[in-house]
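K.L.:
one predicted model, sequence on top.
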Amino acid sequence: MAKREFTVSGRRVVVVGAAQSGIAAAELLARRGARVTLSEMRDTFDGAAQLQAAGVALETGGHTTETFAGADLIVASPGVPLEQPAFEAARARGVEIIGELELAWRWVQGRVIAITGTKGKSTTTTLIGRMLSAAGERAVVGGNIGVPLSAQVEHSTPDTIHVVETSSFQLETTTTFRPWIAVWLNFADDHLDRHPTVAAYAAAKARIFANQTADDWAVLNADDAAVMAGAAATPARRVEFALSGGIANGFVVDGDWIVRRTGTSADRVLPVSAVELAGRHMLNNVLAAVAVTAVAGGSPDAMTAALRGFHGLPHVMEPVGEVGGVRFVNDSKATNVEAARRSIESFPRGVVAIVGGRYKGGDLRELRAPLADHGRAVIAIGEAAPLVREAVSGVVPVHEAASMGDAVRRAYEAAQPDGVVLLAPACSSFDWFRDYAERGQRFREEVQRLTER
């Protein structure tokens, strides 16, 4: 089905938010002939000069009702709360409000594979890109990871496959977005500091299927009841995967192999030994990537080649050192309770978990069971430290730390002689750090200082 023609030539377009995707959207709109204003809460930001050089007007230090209400189109960056007076004024005037993902979708020429989920999006997106590239496809990875889709539009061709990580914030502002293959990895409570309810969060995720047809594909985690419920109405062709192995049709782990069951047979796809990622839960991401690549026509040899030497992404179950028999693992991207739980369960024993940051919802008490089985202690950090202490006290000793350096030192003491210090925060980073990457980098630096000392 061809896309309807979309033009912004001569139209007044307001881009809200000057993060990477907002800047990419503003530049794309300016190139397409729009009269663009970028509105940003901060007084200054990186990239302002390049936007002005591209002819983009800047509104900094806050959003004004007049600017928003006077627009023909508003493009909101992911993470910008849409319940603000300026947005309400625009809605009252009938101004269309979309997100950067929706904007880029209207212009890309290639097919889109979209991946969402509470945990594992970045790893799965990266793996799919590697597998498709190994299969000889022109695959471009981006979206919520790396390069925004808006920055890929000008180089998009009909034979391009855009492998796009999509967050709930991006999906909630889509209206016509229609991926060729939509992947939903898993679902757990998250982002409840932004979404009003768990149901609203789930509904935002489910928008990944909203415009699919019987010509498209939905790749689904059959082990996750919320995923299956959210995808129940999709007319797309369904392909399931299940780490539990409890499906008759789809992709599962069977002994030492990942296999594709068809109901009457089980065809070997690749050996589990080809997977060089830490943590059994990472196999869930591999299963999803294998399913997508199979749908796209990639061979098992290409999948195996893509896995060779791939040890994961920075800040995702990343080994960062060993001191005196104690290992240090950086999972700073474990920003919700479910992700932290899976991280802790990845080690047989002796885990000293660094947990905390800015609380964004979820039940921290769900960490009690994995800590009882795998943990040795918890180091609580950031604004959520009192909540962490309250949630897990009585299961393992809990110590509070005043900085990342303090946390690493206390964790090392508690982990001796043979434990694992695991940064698995279960919270966002925005109390002490700019983002999860800065938090993970600071953890690395403190481990290095400990090593030198």
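P.N.:
Looks like it arrived, so ask away.
K.L.:
spatially nearest residue to the residue nearest the centre of the chain, not counting backbone neighbours?
P.N.:
By C-alpha atoms, centre = their mean, the chain has its centre lying nearest to Lys121, at 4.4 Å. Spatial nearest neighbour of Lys121, chain neighbours left out: Glu165 (4.7 Å); criterion: C-beta to C-beta, 6 or more residues apart in numbering. No exception for glycine: its C-beta is placed from N, CA and C like everyone else's.
K.L.:
elements contacting the longest helix seen in the chain?
P.N.:
For the chain, the longest helix by residue count, based on DSSP state H, is helix 436-452. When contacts are defined as 3 or more C-beta pairs under 8 Å, 6 or more residues apart in numbering; DSSP states H and E, helix 436-452 packs onto strand 318-323, strand 326-330, helix 404-415, strand 420-423.
K.L.:
and that helix with strand 326-330, angle?
P.N.:
160 degrees (axes from the mean of the first three to the mean of the last three C-alpha atoms, to 10 degrees).
K.L.:
which residues are contacting helix 436-452?
P.N.:
With C-beta atoms under 8 Å, 6 or more residues apart in numbering as the test, helix 436-452 has contacts from 314-315, 318, 320-321, 323, 328, 330, 332-333, 335, 354, 357, 404-405, 407-409, 412, 421, 423, 425, 428-429, 432-433.
K.L.:
around the residue nearest to Phe310 when sequence neighbours are not counted, how many other residues sit close by?
P.N.:
On the basis of C-beta to C-beta, 6+ apart, the spatially nearest residue to Phe310 that is not a chain neighbour turns out to be Glu276, at 6.1 Å. Neighbours of Glu276 under the rule other C-beta atoms under 10 Å: 12.
K.L.:
among the contacts of helix 436-452, which ones are buried?
P.N.:
Among the contacts of helix 436-452, those scoring as buried are 315, 318, 320, 323, 328, 330, 332-333, 335, 354, 357, 404, 407-409, 412, 421, 423, 425, 428-429, 432-433 (criterion: 16 or more other C-beta atoms under 10 Å).
K.L.:
now do Trp257: how many residues are near it, please.
P.N.:
Residues near Trp257, counting by other C-beta under 10 Å: 16.
K.L.:
give me the phi and psi angles of the nearest residue to Phe169 once chain neighbours are set aside.
P.N.:
With C-beta to C-beta, 6+ apart as the criterion, Phe169 has its nearest non-adjacent residue at 3.9 Å, and that residue is Pro78. When read as degrees, to the nearest 10, the backbone of Pro78 gives phi -60, psi 140.
K.L.:
could you number the chain from 33 rather than 1 from now on?
P.N.:
Noted, 33 is the first residue going forward, which turns the last one into Pro110.
K.L.:
gap between Pro110 and Ser460?
P.N.:
Separation of Pro110 from Ser460 (C-beta to C-beta, to the nearest Å): 14 Å.
K.L.:
which secondary structure element contains Ile129?
P.N.:
Secondary structure from DSSP states H and E places Ile129 in strand 128-131.
K.L.:
from the contact counts, what lies against that strand?
P.N.:
Using 3+ C-beta pairs under 8 Å, 6+ apart: strand 128-131 touches strand 105-108, helix 117-124.
K.L.:
got the contact list for that strand?
P.N.:
104-110, 114, 119, 122-123, 201-202, 204-207.
K.L.:
surely Thr96 and Ala118 touch.
P.N.:
Yes: counting by C-beta atoms under 8 Å, Thr96 does reach Ala118; the two are 6.5 Å apart.
K.L.:
shared neighbours of those two, anything?
P.N.:
Ser71.
K.L.:
any idea how the chain splits into domains?
P.N.:
44-131, 140-339, 350-484 (automatic domain parsing).
K.L.:
export those as TSV, with columns for distance to Lys35 and mean pLDDT.
P.N.:
Below are the domains of the chain laid out as TSV (distance: least, C-beta to C-beta, whole Å; pLDDT from 0 to 100):
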stretch	distance to Lys35	mean pLDDT
domain 44-131	14	96
domain 140-339	8	94
domain 350-484	33	96
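K.L.:
in CSV: those, plus distance to Arg36.
P.N.:
Putting the domains of the chain into CSV (distance: least, C-beta to C-beta, whole Å) gives the following:
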stretch, distance to Arg36
domain 44-131, 14
domain 140-339, 8
domain 350-484, 36
